[in-house]
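**Q** fold the following for me, if possible:
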Amino acid sequence: MAGSATRAGNRPIPPRGGRQRAGRGRAPPRRHSAAPAPGSAGRDAMELALLLLGALLPAAALYLCCVRRHTGSAAATLHRREPGRAAASSPPRDAWAPRLCGFWLRLFVHTANTAFGQILLLPLLLRLNNFSLMRSLDIHEDPTFIPEVAAEVTEDKSETKSTLDIIKQLIDTRPDSASHGFSFKGIKDYLDCYRSGKLTPSQVAKNIIAVLEDCDKSTPPLRAIVQWDQEQIMLMAEASTARYRNKCTLSYLDGIPVCLKEEFKVVPYYHRVGTVYLGTEPETEDATVAKKLREAGAVIIGVSNMHELGTGTTGCNPNRYHKIPRNPYKPNHFTGGSSSGSAAAVAAGLCPVAIGTDGGGSVRIPAAFCGVVGLKGTFGRISSHGSLPLSYSTVSVGPICTSVADAAIVYSILAEPDPLYPYGLKQPKATLSDMCAPDLKGLKLGVDWTFFKACDAEILSVCEKAVEYLQNLGASVVEVSLPEMEEVKIAHAICILSEMRDFLQPDFNKHFQEMNLETRASLALGSQFTALDYITANRQRTRSMRFLREIFTTVNCILTPAIASTAPRIHESDLLTGSSNISFTMRSMRFMQLGNFTGIPGLIVPIGYSTAGLPIGFQVMAKWWDEAVLLRIGLKLEQFRCQTKKPTIHYDILA
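**A** Next up is the predicted model:
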């Protein structure tokens, strides 16, 4: 029983419902597994992707940094330029970049000078604006690093009139400024006052001092002259007064008020060049042009405002020593730059003559925006000794004046070799031959109409009428092709920015925080160009100079509008932080760069006004050393404008 019970006790208890029937297996127990959580499959995929990415990124970085060739590519396409044969020309391309000011300018400048900016941001900006063009060209001409051209050997023809005779004729035949409504007071008007005894240079100097005190107290302040010294002005004026009294004047500039761009050394002023950190001591030595003006008896009324270090074309300089100079025609518009104060001083009547430098239109752009005359001489024609050598291969010196006749007078005094300046030592004698010819018969004027029309419609309309006017004076218009102008644009930008970046390297390191934001942005951009870019750009200079030589065998000069647009408006934020507008900078230099890049001379003459009342200018360019033909054409061209409008800000020093 006990065993039976034990067996019975060990027998498994069948499940409810009785014993399993024969031939039927036992049902497996039901498993209750947990349902998958929502999104778990997506998370798994994400984790897998991150793992793969984490493995691939180091591998890709290793390949790009240590395996893949970085110095070139067999697949890269280089466009070969046949020596002496121009590539197909195309209309100018507008640059693209947003106008930056305030916070966004600060952010851009900071980023542009970081590793991210130098490796990614600025290279992208350069590619978007075709600044990498030189890297795709295969140019075989030897590079020309300095656009100095030997004077042509011509038959020695004695001039029918000397330069002094021509200047006398210019002064004698210029109409009285009060005879036809408003006109700017020029050298002739000052000389008439001095010679007649109506006014003396000392009295004029006192008027100027009073105006200088007034114009920077006005709202807004003019900010044309940024340094002046009452004692110095009166000393020069009193010496000139004595010479007029004793009838022993030194030149046609004796007693004439002039100012010089702050880029020049002028005793006893600070040579700040538009900055807050340069020129910590008063100058003790004059630049060559300042010395020559003193020797001619001119009264230097001070040094004029400029775009900091010449790095822009608006004249926007918000630092504490300078502030933004105002356009006398529209005080809420820029003057143009970088010789901004020089043009503003002339247009506002402070002086009839100012001296500037021109590396990318820096004399001609402000002259055009302010409605006055600007002359950029042939490279090396006027000495740059004593100015800061910011860009040694593109900069020329030139006057900004009230008239073409005044520009001719100043040019004749300043243009000669200078032993202290290495360029232009073998230049031909500066003449004004045929400047007073009654018409333009025999002259051939070259126009590349595709290039000519790359400007605002309002400007184009006035400039086309100016060409017709010159034609009616006996000149013939010849259609020419200015080849490879896109290459010229890029090559000039590379040259001027590379040379400025090189010269300013110590300043960029030591005085970075003291520079204007726009200057820091421009120099950061200049850091992008390589030795290869610079050499290729100078190879392009050789080509462009050769093309111009060929063009000037068929025409006497080349005509273009001065600038593609009128002076831009000053924004409130510009007064505090300045602004950066690469698109406008390149557009404003469009018709300027050829002259700076190749060294040919150019003359700006005001010919009209926009519907908003802003000046419109016209440019004439000629072959190397032939400033005389520019002045001859310019003298006739300034008669095209039937009326000279009085600027909003204007002082009559002779009243």
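**Q** who touches Asp626 in this structure?
**A** Counting by CB atoms under 8 Å, 6 or more residues apart in numbering, Asp626 touches 378, 556, 601. Quick note: C-beta positions are derived from backbone N, CA and C, even for glycine.
**Q** turn those into TSV, columns for pLDDT.
**A** TSV is the format used below for the contacts of Asp626 (pLDDT from 0 to 100):
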residue	pLDDT
Thr378	98
Asn556	98
Pro601	98
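**Q** just give me the neighbour total for the nearest residue to Ile139 once chain neighbours are set aside.
**A** Leaving aside its sequence neighbours, Ile139 sits nearest to Arg539 (CB to CB, 6 or more residues apart in numbering; 4.1 Å). Per other CB atoms under 10 Å, the neighbour tally for Arg539 reads 21.
**Q** host element of Arg539?
**A** In this structure, Arg539 is located in helix 531-551 according to DSSP states H and E.
**Q** so which elements touch that helix?
**A** Contacts defined by 3 or more CB pairs under 8 Å, 6 or more residues apart in numbering; DSSP states H and E place helix 531-551 against strand 137-139, helix 485-503, helix 593-598.
**Q** may I see the buried residues of it?
**A** Neighbour counts over helix 531-551 (16 or more other CB atoms under 10 Å) mark 533-548, 551 as buried.
**Q** neighbouring strands - and their directions - for the helix or strand following it?
**A** Going down the chain from helix 531-551, the next helix or strand is strand 557-561, by DSSP H and E. With DSSP bridges as the test, strand 557-561 is paired with strand 444-447 (parallel), strand 615-622 (antiparallel).
**Q** just the pLDDT for Asp156.
**A** Predicted confidence (pLDDT) at Asp156: the value is 55.
**Q** and Asp44, by the same measure?
**A** Here, the pLDDT recorded for Asp44 equals 82.
**Q** for stretch 136-153, give me every contacting residue.
**A** Contacts of stretch 136-153 (CB under 8 Å, 6+ apart): 76-81, 83, 378-380, 392-393, 423-424, 426-428, 487, 535-536, 538-543, 545-546, 597-599, 624-625.
**Q** for Pro399, helix, strand, or coil?
**A** When classified by DSSP: H, G, I helix; E, B strand; the rest coil, Pro399 comes out as strand.
**Q** OK, contacts around it?
**A** 353-356, 363, 374-375, 406-407, 410-411, 414.
**Q** which of these fall within strands?
**A** 353-356, 374-375 (DSSP state E).
**Q** from these, pick the one nearest Pro123.
**A** Comparing those against Pro123 with CB to CB places Gly356 closest, at 33.7 Å.
**Q** how near is the closest one to Tyr392?
**A** In this view, Gly356 and Tyr392 are 17 Å apart by CB to CB, to the nearest Å.
**Q** higher neighbour count, the two?
**A** When Gly356 and Tyr392 are compared for neighbours, Gly356 comes out ahead with 34 against 17, by other CB under 10 Å.
**Q** so that one bridges to which residues?
**A** Counting by DSSP bridges, Gly356 forms beta bridges with Gly398.
**Q** surely it touches Pro366?
**A** Yes - using CB atoms under 8 Å, Gly356 and Pro366 qualify as a contacting pair, with a distance of 7.3 Å.
**Q** now do the shared contacts for those two.
**A** Counting by CB under 8 Å, 6+ apart, the shared contacts of Gly356 and Pro366 are 338-339, 342-343, 374, 400.
**Q** phi, psi of the closest residue to Asn113 other than its chain neighbours?
**A** Once flanking residues are discounted, Asn113 sits nearest to Ala524: 5.0 Å by CB to CB, 6+ apart. For Ala524, the backbone dihedrals (degrees, to the nearest 10) come out as phi -60, psi -40.
**Q** check contacts around Ala524.
**A** 109, 112-113, 117-118, 122.
**Q** now distance to Leu654, neighbour count and pLDDT too, for those, in JSON lines please.
**A** Putting the contacts of Ala524 into JSON lines (distance: CB to CB, whole Å; neighbours: other CB atoms under 10 Å; pLDDT from 0 to 100) gives the following:
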{"residue": "Val109", "distance to Leu654": "46", "neighbour count": "23", "pLDDT": "98"}
{"residue": "Ala112", "distance to Leu654": "49", "neighbour count": "22", "pLDDT": "97"}
{"residue": "Asn113", "distance to Leu654": "50", "neighbour count": "18", "pLDDT": "97"}
{"residue": "Gly117", "distance to Leu654": "53", "neighbour count": "22", "pLDDT": "97"}
{"residue": "Gln118", "distance to Leu654": "55", "neighbour count": "15", "pLDDT": "97"}
{"residue": "Leu122", "distance to Leu654": "51", "neighbour count": "21", "pLDDT": "97"}
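**Q** nearest to Thr566 among those residues?
**A** Closest approach to Thr566 among these (CB to CB): Val109, at 27.8 Å.
**Q** the closest one should be in a helix, yeah?
**A** Yes - looking at Val109 with three-state DSSP, it is inside a helix.
**Q** skip the chain neighbours and tell me the closest residue to Thr173.
**A** Closest to Thr173 by CB to CB, 6+ apart is Cys436, at 7.4 Å.
**Q** tally of neighbours for the one you found?
**A** Using other CB under 10 Å, Cys436 has 18 other residues around it.
**Q** hmm, it is touching Ile167, no?
**A** No - using CB under 8 Å, Cys436 is not in contact with Ile167; the gap is 9.9 Å.
**Q** circling back to that earlier point, of the shared contacts of Gly356 and Pro366, select the buried ones using a ChimeraX command.
**A** Buried subset of the shared contacts of Gly356 and Pro366, written as a ChimeraX selection, criterion 16+ other CB under 10 Å:
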select :338,339,342,343,374,400
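**Q** reformat the shared contacts of Gly356 and Pro366 as TSV; add distance to Asn130 and pLDDT.
**A** Below are these laid out as TSV (distance: CB to CB, whole Å; pLDDT from 0 to 100):
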residue	distance to Asn130	pLDDT
Ser338	24	97
Ser339	28	98
Ser342	32	98
Ala343	30	98
Gly374	28	98
Ile400	32	98
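**Q** contacts for the biggest helix by length in the chain, please.
**A** Taking DSSP state H as the assignment, the helix of the chain that covers the most residues is helix 40-62. Helix 40-62 has contacts (CB under 8 Å, 6+ apart) with no other residue.
**Q** ok, and for it, which residues are buried?
**A** By neighbour count with 16+ other CB under 10 Å, helix 40-62 contains no buried residues.
**Q** give the next helix or strand downstream of that helix.
**A** Counting by DSSP H and E, the next helix or strand C-terminal to helix 40-62 is strand 79-81.
**Q** which is the next helix or strand following that next one?
**A** Per DSSP H and E, the first helix or strand lying C-terminal to strand 79-81 is strand 100-101.
**Q** tell me what that next one is packed against?
**A** Helices and strands touching strand 100-101, by 3+ CB pairs under 8 Å, 6+ apart, are strand 579-580.
**Q** contacts for the following helix or strand past the strand it packs on, please.
**A** Once strand 579-580 ends, the next helix or strand along the chain (criterion: DSSP H and E) is helix 582-588. Identification of contacts with helix 582-588 by CB under 8 Å, 6+ apart yields 94-97, 99, 125, 129, 312-314, 336, 361, 365, 489, 493, 563-565, 568.
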